[in-house]
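1. sequence and computational prediction follow.
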There are 4 protein chains.
Amino acid sequence: MSVERVRQLLTRSRYHQWLGLELVGVEPGRVVLRLPYRPQFLADENDSYVHGGVIATVVDVAGGFALITELGRGLPTVDLRVDYLRPAPPGADLTAEGHTVRLGRNLGVADVTVSAAGANGGKPVAVGRAVYYTAQR
Amino acid sequence: MSVERVRQLLTRSRYHQWLGLELVGVEPGRVVLRLPYRPQFLADENDSYVHGGVIATVVDVAGGFALITELGRGLPTVDLRVDYLRPAPPGADLTAEGHTVRLGRNLGVADVTVSAAGANGGKPVAVGRAVYYTAQR
Amino acid sequence: MSVERVRQLLTRSRYHQWLGLELVGVEPGRVVLRLPYRPQFLADENDSYVHGGVIATVVDVAGGFALITELGRGLPTVDLRVDYLRPAPPGADLTAEGHTVRLGRNLGVADVTVSAAGANGGKPVAVGRAVYYTAQR
Amino acid sequence: MSVERVRQLLTRSRYHQWLGLELVGVEPGRVVLRLPYRPQFLADENDSYVHGGVIATVVDVAGGFALITELGRGLPTVDLRVDYLRPAPPGADLTAEGHTVRLGRNLGVADVTVSAAGANGGKPVAVGRAVYYTAQR
């Protein structure tokens, strides 16, 4: 699958457009996405950290696109788990690396690590794991 | 905790403002939120369903606010699981009902059910469960 | 599906035999299992609570058997989440109630609540949710 | 923390004794456990694969012991997720590698990979992730 087709699938989604998701890297079974910071992503009344829903979203997308690099088409998410490890501070762009754990005929599993640029000494802000339905419908 | 304070915590978040989250119901240990439909929520290049990241976000928020009704302050999410059951179609407002499963001194657990108005015969589009850190920091 | 066939599927498993799992109730989309206490189930060097692996096991089984009541055959587990709410004390029999959340052509989701008899004022020791592969292989 | 103390904590648990769990390797933030095969571990009436509850148990234990190598004492599990990737066949010893993802003052997160000796070309049978309560109680 070409990088251009992966980028097309990523950027034609209206939700990805609003968020501003960018494709940074792609190889078979692996993607790196960037989400440039926007103040609208902030979670609480003190504007002190990025919303967990933003982070869950990049987990969902980066995991799905890891499998998309191998399958060449979009995939519905079956379920998703996110573990929040550290806060993502205001101002920090997010980077999400997703890779395939298993690609089966019916189901695929992917792992994702999310980091916030310049924060936490490079340690991740979250890790996630998700299952996708890979069979043709 | 007053309904007004719950609404204030919900609507002062910039991310909630952008999404357009509304407080529909609140009682101790339980909230109902509504997310009016926006085309920007759509997931795929065919605009055929609402993005899983939107749904994960309302799970995170509705679970947290179920505990907030009992604790009176915002809470960081420890982890989150979402099971996607059926697609949320274009045009459908989402409703998320969250309730406390356990409120402990250090950790709280909440369950959330997400439905899409007028879709799936009222059956939920997703269920979620999340853990929050409840101790004062 | 007859109660006798559900019981047969439950009790022919060697692991269920060793654990001593019993079928207490069954109706379409719902089972109740009992796991009579054994000292071998204790987790720590002080023998102070039942092992989380025992509880994860009854979650897996009760969720799967909720779907089995509707499908009439065994099902592989896709993934499993357990939230531990309170310790199960030594001496307490466990009861696990499992019910179907969604039964699809390819995947099914079930919820499970685990209680320990005579402990925690009847409040559950754990809740779990699991996904199973329901298509014929 | 000494290897002997880790082994002691592992082997004094009655449930670990029955299962036959062995400590194969230990370093700070990482353990390798082995579970020698027993026919009692089999799941279904055809004796065709190892029970998911056995695998969930080794996930729980290997994740907890990864943190125990750093903290020197036992830890309660907060929650647990297991993704089953491939069946563990009859006869295969299981190996579980657990390592710390994050060790915090209140909570710790660990990842676990479970393999079945001689099966699946060395590919894992399951991956798991769990959260533990790390504060002194």
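-> Here it is on my side, so go on.
2. A:G53 falls within a strand, correct?
-> No: counting by DSSP: H, G, I helix; E, B strand; the rest coil, A:G53 is not part of a strand but helix.
3. who's in contact with stretch A:82-93?
-> The contact list for stretch A:82-93, computed with Cβ atoms under 8 Å, 6 or more residues apart in numbering or on different chains, reads A:34-37, A:39, A:42, A:47-50, A:52, A:55-56, A:59, A:94, A:114, A:116-120, A:123-128, B:56, B:76-80, D:101-102, D:109, D:129, D:131. Yep, even glycine has a C-beta here, placed from its N, CA and C like the rest.
4. among those, which are in strands?
-> Counting by DSSP state E, the part of those found in strands is A:34-35, A:94, A:114, A:116, A:126-128, B:77-80, D:101-102, D:109, D:129, D:131.
5. A:G128: neighbour count?
-> 28 (other Cβ atoms under 10 Å in any protein chain shown).
6. now for it: which residues touch it?
-> Counting by Cβ under 8 Å, 6+ apart, the residues that A:G128 touches are A:A56, A:V59, A:D60, A:G63, A:L80, A:R81, A:V82, A:D83, A:D111, A:V112, A:V114.
7. kindly report the same for A:R73.
-> Going by Cβ under 8 Å, 6+ apart, A:R73 touches A:L9.
8. helix or strand: which one has it?
-> Counting by DSSP states H and E, no helix or strand carries A:R73.
9. need the per-residue pLDDT for it.
-> In the predicted model, A:R73 carries a pLDDT score of 92.
10. quick one: the worst-scoring helix or strand of chain A on mean pLDDT near chain B?
-> Lowest mean confidence among the helices and strands of chain A (mean pLDDT, DSSP states H and E): helix A:3-12, at a mean of 95. Yes: Helix A:3-12 lies within reach of chain B by Cβ under 8 Å from any Cβ of the partner chain, at A:Q8, A:L9, A:R12.
11. in that helix, what counts as buried?
-> Buried residues in helix A:3-12, defined by neighbour count with 16 or more other Cβ atoms under 10 Å in any protein chain shown: A:V6, A:L9, A:L10.
12. which one among those gets closest to B:L71?
-> Distances from the buried residues of helix A:3-12 to B:L71 were compared by Cβ to Cβ; the smallest belongs to A:L10, at 38.5 Å.
13. I'd say that closest one and A:H16 touch.
-> Yes: at 5.8 Å, A:L10 and A:H16 qualify as touching, with contact defined as Cβ atoms under 8 Å.
14. shared neighbours, those two?
-> Common neighbours of A:L10 and A:H16 (Cβ under 8 Å, 6+ apart) are A:V61.
15. on that earlier part again, residues making contact with the next helix-or-strand element following the least confident helix or strand of chain A?
-> The helix or strand immediately downstream of helix A:3-12 is helix A:14-19, counting by DSSP H and E. With Cβ under 8 Å, 6+ apart as the test, helix A:14-19 has contacts from A:10-11, A:35, A:54, A:57, A:61, B:39-43, B:47, B:51, B:53-54.
16. tell me the residues of chain A that contact chain C?
-> A:V78, A:D79, A:R81, A:N106, A:L107, A:V131, A:Y133, A:A135.
17. and the residues you listed, which two are the farthest apart?
-> Across the residues of chain A next to chain C (Cβ to Cβ), the longest gap, 21.8 Å, separates A:R81 and A:A135.
18. who has more neighbours out of those two?
-> Using other Cβ under 10 Å as the criterion, A:R81 and A:A135 rank with A:R81 on top: 22 against 12.
19. so what's that one bridging to?
-> Beta-bridge partners for A:R81, by DSSP bridges, are A:R129, B:R81.
20. and A:V24, which of the three is it?
-> strand.
21. OK, contacts around it?
-> Here A:V24 is in contact with A:V32, A:L33, A:R34, A:T95 (Cβ under 8 Å, 6+ apart).
22. check what pLDDT it gets.
-> So A:V24 comes in at 97 (pLDDT).
23. from chain D, how far out is it?
-> A:V24 sits 23 Å away from chain D, taking Cβ to the nearest Cβ, to the nearest Å as the criterion.
24. ok, A:R5 touching A:T69?
-> No: if you go by Cβ under 8 Å, A:R5 and A:T69 don't touch, sitting 9.6 Å apart.
25. so which of the residues of chain A next to chain C is the most crowded?
-> A:D79 (27 neighbours).
26. nearest spatial neighbour of that one, skipping sequence neighbours?
-> Leaving out its chain neighbours, the residue that sits closest to A:D79 by Cβ to Cβ, 6 or more residues apart in numbering or on different chains is B:D83, at 4.5 Å.
27. what's the angle from the helix or strand where the one you found lies to strand D:77-84?
-> B:D83 is part of strand B:77-84 when elements are defined by DSSP H and E. Per axes from the mean of the first three to the mean of the last three Cα atoms, to 10 degrees, the angle that strand B:77-84 makes with strand D:77-84 is 40 degrees.
28. with only the CA atoms kept, save strand B:77-84 in CSV.
-> Presented in CSV, the C-alpha positions along strand B:77-84 are these (Å, rounded to 0.1, in the frame of the first residue of the first chain):
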residue,chain,number,x,y,z
THR,B,77,-8.5,9.0,34.3
VAL,B,78,-6.3,6.0,35.1
ASP,B,79,-7.4,3.8,32.3
LEU,B,80,-10.3,3.3,30.0
ARG,B,81,-11.9,0.5,28.0
VAL,B,82,-14.4,0.9,25.2
ASP,B,83,-16.3,-1.9,23.5
TYR,B,84,-17.9,-0.8,20.2
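29. chain center to it, what's the gap?
-> Here strand B:77-84 is found 11 Å from its chain centre; the criterion is Cα atoms, centre = their mean, to the nearest Å.
30. again with stretch A:101-109
-> 17 Å.
31. does it reach chain B?
-> No: in terms of Cβ under 8 Å from any Cβ, no part of stretch A:101-109 sits within range of chain B; the closest distance is 13.1 Å.
32. would you mark the buried spots in that stretch?
-> Within stretch A:101-109, judged by 16+ other Cβ under 10 Å, the buried ones are A:V101, A:R102, A:L103, A:L107, A:G108, A:V109.
33. out of those, who's nearest chain B?
-> Using Cβ to the nearest Cβ, A:L107 is the member of those that sits closest to chain B, with 13.1 Å.
34. doesn't A:Y133 make contact with that closest one?
-> Yes: with contacts counted by Cβ under 8 Å, A:L107 reaches A:Y133, the gap being 6.4 Å.
35. overlap in contacts, the two.
-> Residues touching both A:L107 and A:Y133 (Cβ under 8 Å, 6+ apart): A:V78.
36. surely A:V125 meets A:I55?
-> Yes: between A:V125 and A:I55 there is a contact under Cβ under 8 Å: 6.6 Å.
37. now do the SS call for the closest residue to A:A62 other than its chain neighbours.
-> Computed as Cβ to Cβ, 6+ apart, the closest residue to A:A62 that is not its neighbour in sequence is A:G98, at 3.2 Å. Each residue gets one of three states, and A:G98 gets strand by three-state DSSP.
38. which residues touch A:G98?
-> When contacts are counted by Cβ under 8 Å, 6+ apart, A:G98 touches A:30-33, A:59, A:61-66, A:110-112.
39. mind checking how far it is from B:T134?
-> 31 Å (Cβ to Cβ, to the nearest Å).
40. can you check A:G121 too?
-> Applying Cβ to Cβ, the value for A:G121 to B:T134 is 27 Å.
41. and the two? Which one has more around it.
-> B:T134 (20 against 6).
42. excluding its backbone neighbours, what's nearest the more buried one?
-> Leaving aside its chain neighbours, B:T134 sits nearest to B:G108 (4.6 Å; criterion: Cβ to Cβ, 6+ apart).
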